[in-house]
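Novice: Structure for this input, please:
(2 chains)
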2 protein chains.
Amino acid sequence: MELGAGPDLVSYGRTVKRVAIIGGGFAGLAAAKLLRRAPVEITIIDRRNHHLFQPLLYQVATAALNPGDIAYPIRSVLRSQQNARTILGRVVGVDVEKRELELADGSVPYDYLLVAAGATHSYFGQDQWESHAPGLKTVEDALEIRRRVLSAFEAAEREADPERLTAALTFVVVGAGPTGVELAGALSEIGRLTVARDFRTFDPRKLRVVLVEGTDRVLPPYSPKLSDAAKKQLEGLGVEVRLGERVTAIDEHGVSLGNERITARTVLWAAGVAASPLGKMLDAPLDRAGRVMVEPDLSVPGHPEIFVAGDLMHFEQDGQFVPGVAPAAIQAGRAAARNIRALVAGEATRPFRYLDKGSLATIGRARAVGAIGKLELKGFFAWWVWWVIHIAYLIGFRNRLSVMIGWAWQYFAFARGARLITGRTWEPAERASERVESSV
Amino acid sequence: MELGAGPDLVSYGRTVKRVAIIGGGFAGLAAAKLLRRAPVEITIIDRRNHHLFQPLLYQVATAALNPGDIAYPIRSVLRSQQNARTILGRVVGVDVEKRELELADGSVPYDYLLVAAGATHSYFGQDQWESHAPGLKTVEDALEIRRRVLSAFEAAEREADPERLTAALTFVVVGAGPTGVELAGALSEIGRLTVARDFRTFDPRKLRVVLVEGTDRVLPPYSPKLSDAAKKQLEGLGVEVRLGERVTAIDEHGVSLGNERITARTVLWAAGVAASPLGKMLDAPLDRAGRVMVEPDLSVPGHPEIFVAGDLMHFEQDGQFVPGVAPAAIQAGRAAARNIRALVAGEATRPFRYLDKGSLATIGRARAVGAIGKLELKGFFAWWVWWVIHIAYLIGFRNRLSVMIGWAWQYFAFARGARLITGRTWEPAERASERVESSV
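Specialist: Numbering: from 1, shown residues only, chains lettered A, B, ... in the order given. Purely as a prediction, here's the structure:
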């Protein structure tokens, strides 16, 4: 079954080029929108029906926001764009010779292809760590982390055994990049401010949040000065920051840092990135993380009709690797789309140039660090700038309003509005049986 | 491990009675709140960490609201009530002689017990129907229904085969009580107004929503006049109402009504109620649905220290069965709590008297029917009354605001804010493999 063109995309009397875009993230959507008036038929394919505003995903994981606040159906984003259609599907192969995508249940032919399939976590070859230390990439990941965090407090409330109580109140976050820093800060706040008032038996001061980082500072891409400011802000929130230490083991009882053992019920993974396996299907050179080494115009070497943008792209500029952040993905998606438009018009492509508009990382309520050009920000002002920028970028009016209200409420009341444990709700017995099984 | 009293509930010098409440629904929470100033120690036990505002659950299933809008942590509701503690746990047995609840991992002794464990769906002995026709009782149910409904539209967008396209666009709702009527009305609106604009290839006029009811009218508890008005409003929304017909089979391809076959990808179950299995553990007489036949004071025959309230209770008044609706649960929970308070004070219990304040059922955007005393309402005014009452009852300020904004937005923009497919996102291939397996 060929899924290329729907009945309303048939064109009369002219040859319309078919553009396939894999992935409805920042890069894919930015590219589709840029091609709004181009004489092309766009098919955007994603395994999920929603675009996810990933920079705020940690807020779902920490019970501040609902999934619906930060995710939006891709086909609604493209509702009014007549030359684009959306397919919910999984790409299982790319025939670069025939110029056709193989889906699990169909095929999509293309003249030009943009692969913006993103990245997932990497456990550095220790895949058995995944079940004990979930990462944060999807809505489901966020809900699973939320479930584990809230269930840990529920367990603590009932725990009579001092050792297991300590384990229930210990949270280890591995990796001090932006996601790790945000998670650690939010966890500490939840325990000390929000959740504490709801429970009767445990002492919130016993809460321990440990942030483990292999390099010698938090937020390694930032300047040493800002890294230091971020570390101080984290410590001000009660987070124990462990730099230059590597996790050597993770199991259901906690983590090992070399000889040291930290007993913890909840371990979260915010280290390591592995590119989408789609990179391997493109007949292209890859870097160690599986990212595609693209040409200056973002095309794949030897395939001028295939472009890569976003977290799947390996692009160096002035000797520096362009980071896997939303602004870079948006810029690259637009650059790739401009080059496709040029090729369709018979013109030459142009090299991509990443413009670093600055970056911000938030550390809990009213704390953040950031760099905008040469300007370095920290504390409340940095947090305020971060807040305004993120709201402004959020897609959809309703989401913006709902997120703002949620946050305003949370800020003034120290409340968290989305503290539901869904999925496997009733945890203690299952944990107990896991323990029995693993000790057998 | 005994979980009865936490360290902060130890009482000095006087005998404090222990009250256990099973279930944090409307009945259980109302009882706990009424006992706020009573000289008792309350332990409220629930398998879930949240109280659910069930009357609005269909709005989560139909993508209008987020789960967090209608659910709230039980322990937060009881945060400031010093004589109450909350336990996330599953009651697996009741020792009525020893006066002790057996939990999956502990025990809770009691002096007085209120069982308010509610009800779930009944498939009239056809349990194999459940996987093909999910019901709507929990947040997970609502998310599963949302996933199926949105996935059906996604499948329709890609479907070339006319027969499978018809199946994807056919929705059957079994049971025309309030939930069935709400679901059918909302589905018809989603297809014709909201989702239609997002898709390219299918014709929203081909959408078919069938509401099947075994009795001879919709909303059987209402007056024939209101039933008729509700039927007309449903038909005005394009719903096909089939009265006096019974479902004889449900499988993955659709439903059978006697000799007639309706091919449908999505079938939803809104018929049949089965009481919680906890009723069986109380050494008490049960009705056919498993509800406990209580004494006039809501106690269990032969056990004046055990009370039952809410959907698990079978209570007749003036020859009429008190219905399983939220106002009845709240009133019964409060009556049971007053009787427990009386027993603690050495006084006599009083019989329960249900005061029917009226009932309202909504049928899509700006349509509803209702009866308040002798006053019968229909159309926009009924819907408006329904809306105000439901918002007013919602627990928690933030939820109220967020729900109101969500609805205002939806009303003016015909948009639905929570259209995420989560869980098993990528459906078509799985459906295909299910078909293969079932045809083997």
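Novice: List the buried residues in stretch A:245-255.
Specialist: Neighbour-count burial for stretch A:245-255 flags A:247, A:250, A:253-255 (criterion: 16 or more other C-beta atoms under 10 Å in any protein chain shown). C-beta coordinates here come from the backbone N, C-alpha and C atoms, glycine included.
Novice: who touches it?
Specialist: A:126, A:129, A:132-133, A:167, A:170, A:172, A:174, A:212-214, A:256-258, A:261-265, A:267, A:431, A:434-435, A:438 (C-beta atoms under 8 Å, 6 or more residues apart in numbering or on different chains).
Novice: In strands, which of these fall?
Specialist: When the contacts of stretch A:245-255 are checked against strands (DSSP state E), the matches are A:170, A:172, A:174, A:212, A:256-257, A:261-263, A:267.
Novice: Near chain B, which residues of the stretch 101-250 of chain A? Just list them.
Specialist: Residues of the stretch 101-250 of chain A lying close to chain B by C-beta under 8 Å from any C-beta of the partner chain are A:104-106, A:139-140, A:143, A:150-151, A:154, A:157-158, A:160, A:197-201.
Novice: Repeat the analysis, applying 7 Å as the threshold.
Specialist: Counting by C-beta under 7 Å from any C-beta of the partner chain, the residues of the stretch 101-250 of chain A close to chain B are A:104-105, A:139-140, A:150, A:154, A:158, A:160, A:197-201.
Novice: Give the ChimeraX command for selecting the buried subset of these.
Specialist: Command for ChimeraX that selects the buried part of those, burial taken from 16+ other C-beta under 10 Å:
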select /A:105,139,140,150,154,158,198,199,200,201
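Novice: picking up where we left off before, and the buried residues of stretch A:245-255, which two are the farthest apart?
Specialist: A:V247 and A:H253 (13.8 Å; C-beta to C-beta).
Novice: A:K206 - nearest residue in space that isn't next to it in sequence?
Specialist: Nearest non-adjacent residue to A:K206, counting by C-beta to C-beta, 6 or more residues apart in numbering or on different chains: A:L169, 5.1 Å away.
Novice: go on, A:E182?
Specialist: A:E182 sits nearest to A:Y58 (C-beta to C-beta, 6+ apart), 4.5 Å away.
Novice: Drop anything exposed from the contacts of stretch A:245-255.
Specialist: A:129, A:132-133, A:167, A:170, A:172, A:174, A:212-213, A:257, A:262, A:264-265, A:267, A:431.
Novice: ok, the residues you listed vs chain B, which is closest?
Specialist: Of all the buried ones among the contacts of stretch A:245-255, A:R431 has the smallest distance to chain B: 9.5 Å, by C-beta to the nearest C-beta.
Novice: in the helix or strand hosting A:E235, what counts as buried?
Specialist: Following DSSP states H and E, one finds A:E235 within helix A:224-236. Judged by neighbour count using 16+ other C-beta under 10 Å, the buried positions of helix A:224-236 are A:226-234.
Novice: And the helices in the stretch 51-200 of chain A, which stretches?
Specialist: A:57-61, A:67-70, A:74-77, A:139-158, A:162-168, A:178-189 (DSSP state H, counting those that start in this stretch).
Novice: Show me what stretch A:282-300 is in contact with.
Specialist: Stretch A:282-300 is contacted by residues A:94, A:96, A:115, A:122, A:273-275, A:279-280, A:301, A:306-309, A:312-315, A:332, A:335-336, A:339, A:349-352 when judged by C-beta atoms under 7 Å, 6 or more residues apart in numbering or on different chains.
Novice: I figured A:V173 hits A:T179, correct?
Specialist: No: A:V173 is not in contact with A:T179 according to C-beta atoms under 7 Å; the separation is 8.8 Å.
Novice: More neighbours: these two, which one.
Specialist: A:V173 (27 against 23; other C-beta atoms under 10 Å in any protein chain shown).
Novice: any idea how far chain B is from the more buried one?
Specialist: From A:V173 over to chain B the distance is 23 Å, taken as C-beta to the nearest C-beta, to the nearest Å.
Novice: so what's that residue scoring on pLDDT?
Specialist: In this model, A:V173 is scored at 97, pLDDT.
Novice: ok, now which ones touch it?
Specialist: A:V173 is in contact with A:180, A:183-184, A:211, A:268, A:270, counting by C-beta under 7 Å, 6+ apart.
Novice: Okay, helices next: where are they in the stretch 201-350 of chain A?
Specialist: Counting by DSSP H, counting those that start in this stretch, the stretch 201-350 of chain A has helices at residues A:224-236, A:326-344.
Novice: What is the last one packed up against?
Specialist: Which is helix A:326-344. Using 3 or more C-beta pairs under 7 Å, 6 or more residues apart in numbering or on different chains; DSSP states H and E, the elements in contact with helix A:326-344 are helix A:26-34, strand A:112-115, strand A:303-308.
Novice: ok, 6 Å please
Specialist: Here helix A:326-344 touches helix A:26-34, going by 3 or more C-beta pairs under 6 Å, 6 or more residues apart in numbering or on different chains; DSSP states H and E.
Novice: who touches the helix it packs on?
Specialist: For helix A:26-34, the external contacting residues (C-beta atoms under 6 Å, 6 or more residues apart in numbering or on different chains) are A:21, A:42, A:44, A:51, A:84, A:114, A:116, A:309-310, A:326, A:329-330, A:332-334, A:336-337.
Novice: how does it look with 7 Å?
Specialist: A:21, A:42, A:44, A:51, A:77-78, A:84, A:114, A:116, A:309-310, A:326, A:329-330, A:332-334, A:336-338.
Novice: model confidence over stretch A:251-260, on average?
Specialist: What stretch A:251-260 shows for mean pLDDT is 94.
Novice: cool, and stretch A:95-107?
Specialist: For stretch A:95-107, the per-residue pLDDT averages 93.
Novice: what's the answer for stretch A:355-370, then?
Specialist: 81.
Novice: and what of stretch A:190-207?
Specialist: Here the average pLDDT along stretch A:190-207 is 81.
Novice: Please apply the same query to stretch A:118-136.
Specialist: Computed over stretch A:118-136, the average pLDDT equals 92.
Novice: Buried residues in it, which are they?
Specialist: Residues of stretch A:118-136 classed as buried: A:118-123, A:129, A:132-136 (neighbour count, 16+ other C-beta under 10 Å).
Novice: Can you pick out the most distant pair from those?
Specialist: Farthest apart among the buried residues of stretch A:118-136 by C-beta to C-beta are A:G118 and A:H132. That separation is 24.0 Å.
Novice: where does chain A dip in pLDDT?
Specialist: Where chain A drops to pLDDT under 70, the residues are A:1-14, A:392, A:394-440.
Novice: Now do the contacts for A:R350.
Specialist: Going by C-beta under 7 Å, 6+ apart, A:R350 touches A:297, A:339.
Novice: Name whatever forms a beta bridge with the residue nearest to A:W129 when sequence neighbours are not counted.
Specialist: Among residues not flanking A:W129 along the chain, A:I250 sits closest, at 4.3 Å (C-beta to C-beta, 6+ apart). Counting by DSSP bridges, A:I250 forms beta bridges with A:V255.
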